[in-house]
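Asker: Here is a sequence with its predicted model. Questions after.
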Amino acid sequence: MSGGLTSLSFPKNAHAALANPPLLKAIAHIEETLVSGRRRATEALPEFEALRDAGRDIKAHTLAHLDLYLEAFERKVMEAGGFVHWAADAADANRIILDICQKAGARRVTKGKSMITEEVGLNAYLQANGIAPVETDLGEYIIQLRGETPSHIIAPAVHVNKEQVAADFRRVHTDLDPKRNLEEPTSLLAEARGVLRESFLSADVGITGANFLVAETGSTVIVTNEGNGDLTQILPKTHIVLASIEKVVPTLEDVATIMRLLARSATGQEMSVYTTFSTGPRRPGDPDGPEAFHVVLLDNGRSAMLGSEFEDMLRCIRCGACINHCPVYRSIGGHAYGSVYPGPMGSVLTPSLQGLEKSAHLANASTLCGRCESVCPMRIPLPKMLRHWREKEFERHLTPKKARFGLAAWRFLATRPRLYGLATRFGAWGLARLAGRDGALRQVPLAGGWTRWRDLPAPEGGTFRTEWAKRGRK
Amino acid sequence: MSSRDAILGRIRRSLGVSDSDATRPAAVRHRLAETPVNVVPARGQLPDAERIDLFVRKVGEVFATVVRLEGRDDIPAAVAAYLRDRNLPQAIRRGDDPRLADLPWEREAQLAVATGPSEGRDLVGLSHADAGVAETGTVVLTSGPDNPTTLNFLPDHHIVVVDASTVAGDYETVWADLRRRFGAGLMPRTVNLVTGPSRSADIEETLLLGAHGPRSLHILVVG
Amino acid sequence: MTTPKPRVALFVTCLVDFFRPTVGFSAVKLLEDAGCDVSVPAGQTCCGQPAYNSGDRAGARALAEQVIALFEGFDHVVIPSGSCAGMVKTHYPDLFSGEPNWRLRAEALADKTHELTSFLVDVLGVAPLPATWEGTATYHDSCSGLRELGVKDQPRRLLSAVDGLAIKEMRDPEACCGFGGAFCVKYDEISNAIVERKVADVRSTGAELLLAGDLGCLLNIAGKLRREGSSVEVRHVAEVLAGMANGPAIGETRK
């Protein structure tokens, strides 16, 4: 896990993150890389906004017909000689994948970068059952060596600096020449490339996720920059794809539309380096490719989100734009969330996955600034859904007592204008007096959260309503 | 009840739909059969010469290199020149694709040409793309008996031949072509859309080329 | 025959009422200069946003009903705050999804409710009377105004007519300041990290004046600037536009 952090201890996690300068320095890079990259790429494509509408419509149509598109996809996979397995939850998915690995006699398993295998905790499960999968995405590999979880869905090791990577490589790559220079990212990459090449070539089973499942053709699609997903699937005898049910889209045309949104939103590339469509196992006469092709379709709570106020979240294509643009994520990084998916998309998704009781902080730890929605390629109304979770929390009486009392008191006062007028008049007068000529207060009773960090500007004195009335106005 | 039926049942319940509703299957059949085109950027919708120019420019933007050749017979010399320029041994591996096999390789006496899939020991792989996409400088490679996918990923250098006449403005044109060649709803095992050489930014968000796949991608546009 | 003056109700907002009446008077002046017949309905308190953003729908509804009843009789409702205007314009109708009657009333009110600068520019289309402010200012785009209502060019266009005022943009004027209502005290440490970045951006412009259209953001940014000992003045945009920026700025020592 992410150092054992949970969403329950979010404020404590955030506190620790804010006292971690290397982490803060690492996150600060996001501005000049991912954020400015996205800005440039979207500005360079006049159709970007129209594509966002089209992307939203594709997913909305697909979700409204999800059962039928999944059946169509399944049929095409089987026609191409592949197998389709259905997993209701994480335990099901893990069991199915272990079973395929065991039947294939797998000793070595490689993995392409996949958030869905993080969601189900596949690595830990396989390990407990005697199979140690090797993560092959460079970032995933680094955090696997460190025993951590991803702190970002597209840049899993964004929190790690190069000195830490060098130390990890020296610790784990025992035959590494101690004199070898590992100061620069290039030498680190060369070292990882060499080690992982061995893993690729000796793997019995390769496991990947999928960015899309194409109902028209039965293809699974993965998008990577490194090529890890490709080497994971073309070299071993067995290729297993784990994908959640909402990844299905109708046609290749629909993939093209969303592809145009994905990389631009994620990294600012117009296209990721490798977009690979895999359809069934290798064909007669093919000189390479897997001999067996399995797709595991995972529900894990998605079917219950359909038709609910959280359905729009199923449009998410995991680009990470909301995360990159989130002022909260940019302050504390991903691990503080204590969940598989960080940032705004994670705060909406996580309560569905691990229960609201364990995740209540996440929906609240947002300024609702709306930047996430404004950059979401699929136009998911993330702030609205964060608010829905707050409503559920309030309905189920999970909101802290102090906050409930405060809200009730405010409602009591604000629905009684005369009393409200008196109270605010008295309060404004009092605070202004307390501040004197200073104009601001360094400490205010009951406002420690504010004054710990900033002064409280003092009221001018009289409230507007009293001053207005003094002028005889209506 | 199987997991399959349970999941599909839950989906139908959540959506509030019943099996007897015939309009939903009709909508799905229609979309899968008609494969309607969504929004296609105007960027690639150009006359032939300008479209190929755009492709060449876009290839350059993604850190790949590109050379234009007048005819197919120029390919062996261009391959040899690339190897020389990079101080690489005169050796490549390619598939048996007739578009690559039927070339005057004998003109490059120094060049050793191996064929078949790669096992990871080749420095340079040569492939023939089925198409290029001008919109993003992407090449489209399909797997088949004569076109091993391993050649696209294992060698350090990947040289890809693209016929200028197959450079499309957009992906949708390529899909239509795939359907013509392989049949509606059918795909070769692997279709690779490749846009530049392998890269990673996983260490301190520093962009590095050659993560797992080829460190360099060299494209020969013929015609 | 002159056309009758539009009857405009000013919803001053609870924060302006309590902390910064000058903003309310500035708004009145701007509206009257633009030819409006301005009223400030007595009995106005809060738009319900704190309850709404805390998941208390019933509390939010109670206040929304009060606001609707109080303001629906006017031609226009103008609010010197993007977030309160956003609440009325985009969220009130959602609050009454199950009740068609209330929903119609909420939608009608939403249609005629406007954030102050967008009302002046987009609805009235008049240039305010010339004002003067000597120096350089930078403008913070408050989140709700910007992203729920599209308030971006309107304040800048109005400010461009202020004599002596030059605008120097921040690197990221659209970044949240970290206020977020209850967020700023509930997750105060994170809020502080966010406002630290905002204040650094403000200070790096070298501007002497920070303007915005929302008092929540302004209190937060002014409080942080004060704590850091900065001399950057903080004011609501209406104060400068109305030529009422002579008194102490937000959080500034009184002379």
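Answerer: Done, it's in.

Asker: Backbone dihedrals for A:Val273, please?
Answerer: Here is the backbone geometry of A:Val273 (degrees, to the nearest 10): phi -70, psi -50.

Asker: tell me the centre residue of chain B?
Answerer: Most central in chain B under Cα atoms, centre = their mean is B:Val140, positioned 2.1 Å from the mean C-alpha point.

Asker: who's in contact with it?
Answerer: For B:Val140, the contact set (Cβ atoms under 8 Å, 6 or more residues apart in numbering or on different chains) comprises B:Ala129, B:Asp130, B:Ala131, B:Gly132, B:Val133, B:Val174, B:Val191, B:Asn192, B:Leu193, B:Val194. All C-beta atoms are positioned from the backbone trio N, CA, C, and that covers glycine.

Asker: pLDDT below threshold where in chain C?
Answerer: C:1-2 (pLDDT under 70).

Asker: Around the closest residue in space to the residue nearest to the centre of chain B that isn't next to it in sequence, count how many other residues there are.
Answerer: The shortest distance from B:Val140 to any non-neighbouring residue, by Cβ to Cβ, 6 or more residues apart in numbering or on different chains, is to B:Ala131 (4.3 Å). Counted with other Cβ atoms under 10 Å in any protein chain shown, residues neighbouring B:Ala131 total 22.

Asker: Tell me the spacing between B:Ala131 and B:Val139.
Answerer: Per Cβ to Cβ, to the nearest Å, B:Ala131 is found 7 Å from B:Val139.

Asker: Then A:His397?
Answerer: Counting by Cβ to Cβ, the gap from A:His397 to B:Val139 is 58 Å.

Asker: what about residue 238, neighbour count?
Answerer: The chain I'm using is chain A. Quick note: A:Thr238 (other Cβ under 10 Å) scores 23 neighbours.

Asker: hm, I was asking about chain C
Answerer: Neighbours of C:Ala238 using other Cβ under 10 Å come to 30.

Asker: quick one, phi psi at the closest residue to it other than its chain neighbours?
Answerer: Leaving out its chain neighbours, the residue that sits closest to C:Ala238 by Cβ to Cβ, 6+ apart is C:Ser26, at 3.9 Å. Phi and psi for C:Ser26, reported as degrees, to the nearest 10, are phi -60, psi -40.

Asker: Just name whatever secondary elements the biggest strand by length in chain C is in contact with.
Answerer: Ordering each strand of chain C by length in residues (DSSP state E) puts strand C:132-139 first. With contacts taken as 3 or more Cβ pairs under 8 Å, 6 or more residues apart in numbering or on different chains; DSSP states H and E, strand C:132-139 sits against helix C:153-159, strand C:163-167, helix C:188-205, strand C:209-212, helix C:237-241.

Asker: 10 Å instead?
Answerer: helix C:153-159, strand C:163-167, helix C:188-205, strand C:209-212, strand C:233-236, helix C:237-241 (3 or more Cβ pairs under 10 Å, 6 or more residues apart in numbering or on different chains; DSSP states H and E).

Asker: gap between it and the chain center?
Answerer: Centroid displacement of strand C:132-139 relative to its chain, using Cα atoms, centre = their mean, to the nearest Å, is 18 Å.

Asker: what do you get for stretch A:318-334?
Answerer: The answer for stretch A:318-334 is 8 Å, by Cα atoms, centre = their mean.

Asker: Does that stretch reach chain C?
Answerer: Yes: Stretch A:318-334 comes into contact with chain C (Cβ under 10 Å from any Cβ of the partner chain), by way of A:His325, A:Cys326, A:Pro327, A:Val328, A:Tyr329, A:Arg330, A:Ser331, A:Ile332.

Asker: And these, which is closest to chain B?
Answerer: A:Arg330 (13.6 Å; Cβ to the nearest Cβ).

Asker: Please report the distance of the nearest residue to the closest one once chain neighbours are set aside from A:Arg38.
Answerer: Nearest residue to A:Arg330, sequence neighbours excluded (Cβ to Cβ, 6+ apart): A:Ile27, at 5.9 Å. Distance from A:Ile27 to A:Arg38, counting by Cβ to Cβ: 16 Å.

Asker: Next, count neighbours for the closest residue to chain B within the stretch 1-150 of chain A.
Answerer: Of all residues in the stretch 1-150 of chain A, the one sitting closest to chain B is A:Gly139 (3.5 Å; Cβ to the nearest Cβ). For A:Gly139, the count of nearby residues is 25 (other Cβ under 10 Å).

Asker: How about the contacts made by it?
Answerer: A:113, A:150-152, A:154-158, A:160, A:165, A:226, A:228, B:200-203 (Cβ atoms under 10 Å, 6 or more residues apart in numbering or on different chains).

Asker: can you list the residues that contact whichever strand or helix holds A:Ala91?
Answerer: In the assignment (DSSP states H and E), A:Ala91 maps to helix A:90-103. Applying Cβ under 10 Å, 6+ apart, the contact partners of helix A:90-103 are A:83, A:85-87, A:106-107, A:109, A:116-117, A:119-126, A:128-131, A:133, A:204-205, A:207, A:238, A:240, A:242, A:244, A:292, A:294, A:296-301, A:353, B:3, B:7.

Asker: Can you give me the buried ones in that helix?
Answerer: A:Ala90, A:Asp92, A:Ala93, A:Asn94, A:Ile96, A:Ile97, A:Leu98, A:Ile100, A:Cys101 (16 or more other Cβ atoms under 10 Å in any protein chain shown).

Asker: and the gap between the second one and B:Ile7?
Answerer: Right, A:Asp92. Taking Cβ to Cβ, one finds A:Asp92 at 10 Å from B:Ile7.

Asker: Report the set of residues contacting both of these two.
Answerer: Common neighbours of A:Asp92 and B:Ile7 (Cβ under 10 Å, 6+ apart) are A:Trp86, A:Leu298, A:Asp299, A:Asn300.

Asker: tell me the pLDDT at the second one?
Answerer: This means A:Leu298. Here, the pLDDT recorded for A:Leu298 equals 98.

Asker: What residues does A:Tyr125 make contact with?
Answerer: A:Ala90, A:Ala91, A:Ala93, A:Asn94, A:Arg95, A:Ile97, A:Leu98, A:Thr117, A:Ile131, A:Pro133.

Asker: how about the strands in the chain?
Answerer: Let's take chain A. Under DSSP E, chain A gives strands at A:83-87, A:109-111, A:133-135, A:205-208, A:212-214, A:219-224, A:238-244, A:248-249, A:274-278, A:292-298, A:440-441, A:456-457.

Asker: my question was about chain B
Answerer: Counting by DSSP E, the strands of chain B are B:65-69, B:91-94, B:112-115, B:124-128, B:131-133, B:138-142, B:157-163, B:167-168, B:190-194, B:199-200, B:208-209, B:216-222.
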